[in-house]
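*Asks:* Here is a sequence with its predicted model. Questions after.
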Amino acid sequence: MRRRLANPVLAVLLLAGLAAAVGLSFVTQAPNRLISGVGVPMAEVIGAGGSRAWALTPALLLVAAALGTPTRTWVRGLTLLGATGGLAGLTWLAGTHASALLSDDLPLARTSLGGGYWAMAVLCGLAAAEALRGWSARAAASLIGGAFVAAPIVALLLSGHLDALSLLKEYANRQDVFDAALQRHLLLVGATVIPTVLIGVPLGVLAARRPGAQPALLSALNLIQTVPSIALFALLMVPLAALATRWPVLAQWGVSGIGVAPAVVALTLYALLPMVRSTMAGLGQIPPDVLDAATGMGMTRAQRFWRVEVPLAWPVWLSGLRVTTVQAIGLAMVSALIGAGGFGAVMFQGLLSSAVDLVLLGVVPVVVLAVVADGLFKVLAEWTGR
């Protein structure tokens, strides 16, 4: 009878990482940012320097953890340390190789992170997430664990060890553009979430109070969801431009056919469905006996709403707000097509110029913002739920 593998999930991740290390390029080298680079395997990167092999030693911790039972505390600790060290070692290795290739003869040469690096980095993240999930179900612990995993990467960034990588060169050349894109992206998200809450919550309360209005309301919101985002942006350009022409004061306030105004309107329309649904679900899950007891205690309708219904519906509503915010962070990328700016403008500029690292300069911050926002909302829900 065959013995079952003690930690099959981690074993599969290790095998996938080995396949990525052998079959994919770890970094790519190109004479400039516009020419496709030549892939460099991990073996060549390690062989270029005699002291670089130590960067792979954290993989031994993962191998040891794969032999143990995943429910054991020491196995989870080894997995977390191995994943963190592995991610840091891979990043250090890429930065070291890029620095070694710097030359005055090729000032425009670029060293980019290859598919092998990204695949192994994602696998390290999955291994760390698996360890944290088994360690504690609390959102705060997961957020702290995520910060622990990311800390070595942040330290390498701040130390300047990664400055020779093409991605960091793109950032150095466009730091002002990056900062402006960050501010505009946060503005788009904030200008979307606030009106979504102000409109979606009352609509959700109304639908919960009047079940007969739910089919028409949800059908309208579902119809908006079926319209592609680019098409919705285009549909809003004509009426908003007409309003700005009819009332010039609106143009002075920033309302026009292109720019922030149509982007915020479209993003708000997309965000209404999860907000309305979460409000309805939160109020609908309250037991009728609880409401009857509140009425029997002499509470008015307003007191019952604020003191009983809102606290009980809060976790579900906050979950809807989390979905709304993360969705707005992602969809705001597309709004760059109508001149709204944000990280989408950086991404599309990279696509038009066939510069992959410039695309990543716009995509990676959005992924980080979405992950951080998701984690913070989970912590807030856990903290307020107590």
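*Replies:* Great, that's in hand. Since the model is a prediction, treat every value here as computed from it, not as a measurement.

*Asks:* got a list of what residue 161 touches?
*Replies:* 92, 95, 96, 99 (Cβ atoms under 8 Å, 6 or more residues apart in numbering). Using the backbone N, CA and C atoms, a C-beta is placed for each residue, glycine as well.

*Asks:* What about the third one, how many residues nearby?
*Replies:* The local packing of residue 96 (other Cβ atoms under 10 Å) involves 19 other residues.

*Asks:* Name the helix or strand for it, please.
*Replies:* Using DSSP states H and E, residue 96 falls within helix 73-100.

*Asks:* still on that earlier bit, out of the contacts of residue 161, flag the one nearest to residue 138.
*Replies:* Of all those, residue 138 sits closest to residue 92, with 30.9 Å by Cβ to Cβ.

*Asks:* What is the subsequent helix or strand relative to the lowest-mean-pLDDT helix or strand in the chain?
*Replies:* Every helix and strand of the chain was ranked by mean pLDDT, DSSP states H and E. The lowest is helix 248-252, at a mean of 69. Later in the chain than helix 248-252, the nearest helix or strand by DSSP H and E is helix 260-284.

*Asks:* That following helix - contacts with which helices or strands?
*Replies:* Helices and strands touching helix 260-284, by 3 or more Cβ pairs under 8 Å, 6 or more residues apart in numbering; DSSP states H and E, are helix 175-209, helix 214-226, helix 229-246, helix 310-331.

*Asks:* among the ones you listed, which gets the worst mean confidence?
*Replies:* In terms of mean pLDDT, the lowest-scoring of these is helix 229-246 (a mean of 74).

*Asks:* On the pLDDT front, check residue 137 for me.
*Replies:* pLDDT at residue 137 comes out at 64.

*Asks:* Figure out how far stretch 347-366 is from the centre of its chain.
*Replies:* 16 Å (Cα atoms, centre = their mean, to the nearest Å).

*Asks:* end-to-end on it?
*Replies:* In stretch 347-366, first residue to last residue: 10 Å (Cα to Cα, to the nearest Å).

*Asks:* if we can go back for a sec, filter the contacts of residue 161 down to the buried ones, PyMOL style.
*Replies:* Here is the PyMOL selection string for the buried members of those, based on 16 or more other Cβ atoms under 10 Å:
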select buried, resi 92+95+96
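
*Asks:* Just name the closest of the contacts of residue 161 to residue 234, please.
*Replies:* residue 95 (42.9 Å).

*Asks:* any idea which helix or strand carries the residue lying closest to the closest one once chain neighbours are set aside?
*Replies:* In space, and not counting its chain neighbours, residue 95 is closest to residue 162: 4.2 Å by Cβ to Cβ, 6 or more residues apart in numbering. Element membership for residue 162 (DSSP H and E) is empty, with no helix or strand holding it.

*Asks:* Burial check on residue 162, number of neighbours?
*Replies:* Residue 162, neighbours per other Cβ under 10 Å, totals 20.

*Asks:* and what of residue 87?
*Replies:* 24.

*Asks:* residue contacts, it?
*Replies:* Residue 87 makes contacts with 121, 124, 125, 128, 149, 152, 153, as judged by Cβ under 8 Å, 6+ apart.
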